[in-house]
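Undergrad: Structure, please.
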Amino acid sequence: MAFRMYEGKDHVKAYLHYRVTPQEMINRIMDFMKPKAQQKFNLAVDVGCGNGKGTILLAPFFDQVVGTDVSHAQLELARANSLCSNVNYSQCPAEELPFESSTVDLVTAMTAAHWFDRSRFLAEADRVLKSNGCLALFSYTMDMELEYGSATSALNNICDEFYTALLPFRNPYLGTSSLKIYLDMFESCTYQDKEWNGCLRVNRTVTVDGFIGMVETFSSYQKLMRQDGAEAKRLSDDIRSKLLAAMQVSSPDTELTMVVKYFYMLARKP
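TA: Reported below is the predicted structural model:
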């Protein structure tokens with residue numbers, strides 16, 4: 001089953017503002033591709049590209065980059081924010097890519113593949129990839145950690161409270177973590193040259209409000225908000241107050257370190 005997510009305009013704007021841009025993961029992908037590169041890379045396809053924040057990071061490495069998504073609202077925002085002449089966007093399902101067979105150097109999906117029809121998507125990626133082309137899929141767990149001096153332990157207890165409150169609203173298709181979905185895709189991929197990493201820690205400096213805003217983009221929080229907007233706001237306000245108290249500061253613009261735990265699979269087509 002494939003899902004349509006992140007299509008409300010307010011949600012789309014929040015996603016653009018708060019979600020992490022994964023430059024570290026782009027570096028890992030390119031390091032994996034370069035050892036067997038026989039020529040300059042021509043085409044990369046970012047499937048489920050959303051607002052294009054990750055898509056444009058591929059621009060320096062390819063003659064052409066195409067981001068695809070089913071969401072018209074996401075693609076509108078991606079096009080409006082794209083300054084790269086070699087990046088374009090196309091609206092289509094992940095399982096029906098508009099490319100000829102054996103024409104793509106890289107197929108990637110950044111925090112999106114868990115929503116795809118996995119077997120159909122993997123077959124479609126195999127169809128469009130060239131020989132020696134790369135499939136790169138990654139996402140992160142929903143348990144980001146916060147660091148702020150001696151308050152770090154207390155902050156992460158509060159974070160756990162936030163995540164636990166949202167767990168009942170998580171899509172049952174994903175289970176408690178989407179990591180297993182990606183590991184299953186890795187294991188079902190028949191390519192012999194492949195790599196799995198279950199935890200790559202990426203640090204970002206954010207404000208307290210920035211952390212709250214990111215969690216509010218989660219599909220589980222969005223579901224709670226649709227069901228009971230007042231309760232969603234109460235939860236966010238309560239977590240914010242507790243974080244500020246633990247940090248002994250008053251401003252939600254106070255900066256701290258957020259640790260995002262990525263996992264990924266890289267695989268090279270024979």
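Undergrad: For the stretch 1-150 of the chain, which segments are assigned as strands?
TA: Ranges of strands within the stretch 1-150 of the chain are 43-47, 64-69, 87-91, 104-110, 129-140, 145-147, based on DSSP state E, counting those that start in this stretch.
Undergrad: Tabulate those strands in TSV, adding columns for mean neighbour count, distance to Asn156 and mean pLDDT.
TA: To be clear about C-beta, it is placed using only N, CA and C from the backbone, and glycine gets the same treatment. Supplementary listing: the strands of the stretch 1-150 of the chain in TSV, determined by neighbours: other CB atoms under 10 Å; distance: least, CB to CB, whole Å; pLDDT from 0 to 100:
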stretch	mean neighbour count	distance to Asn156	mean pLDDT
strand 43-47	25	32	98
strand 64-69	25	33	97
strand 87-91	17	37	96
strand 104-110	26	25	97
strand 129-140	22	16	95
strand 145-147	17	5	97
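Undergrad: what would those look like in a markdown table with distance to Val259?
TA: Shown next, in a markdown table, are the strands of the stretch 1-150 of the chain (distance: least, CB to CB, whole Å):
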| stretch | distance to Val259 |
| --- | --- |
| strand 43-47 | 25 |
| strand 64-69 | 27 |
| strand 87-91 | 29 |
| strand 104-110 | 18 |
| strand 129-140 | 10 |
| strand 145-147 | 4 |
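Undergrad: Quick one, which of the ones you listed gets closest to Tyr191.
TA: Of all those, it is strand 129-140 that lies closest to Tyr191, at 7.4 Å by CB to CB.
Undergrad: From the contact counts, what lies against the closest one?
TA: On a contact count with 3 or more CB pairs under 8 Å, 6 or more residues apart in numbering; DSSP states H and E, strand 129-140 meets helix 23-33, strand 104-110, helix 118-128, helix 179-188, strand 255-268.
Undergrad: Show me which positions of the fourth one end up buried.
TA: Pointing back at helix 179-188 there. Neighbour-count burial for helix 179-188, counted by 16 or more other CB atoms under 10 Å, picks out 179, 181-182, 185-186.
Undergrad: Equivalent analysis for the third one, please.
TA: Across helix 118-128, burial judged by 16+ other CB under 10 Å covers 118, 121-122, 124-126, 128.
Undergrad: pLDDT-wise, what's the bottom of those?
TA: The lowest pLDDT within the buried residues of helix 118-128 belongs to Arg118, with 93.
Undergrad: from memory it sits against Met185, does it?
TA: Yes. In this structure, Arg118 is within contact of Met185 by CB atoms under 8 Å, at 5.7 Å.
Undergrad: picking up where we left off before, identify the farthest-apart pair in the buried residues of helix 118-128.
TA: Across the buried residues of helix 118-128 (CB to CB), the longest gap, 16.2 Å, separates Arg118 and Val128.
Undergrad: so Met142 touches Gly175, yeah?
TA: No. Met142 lies out of contact with Gly175 (CB under 8 Å); the separation is 11.3 Å.
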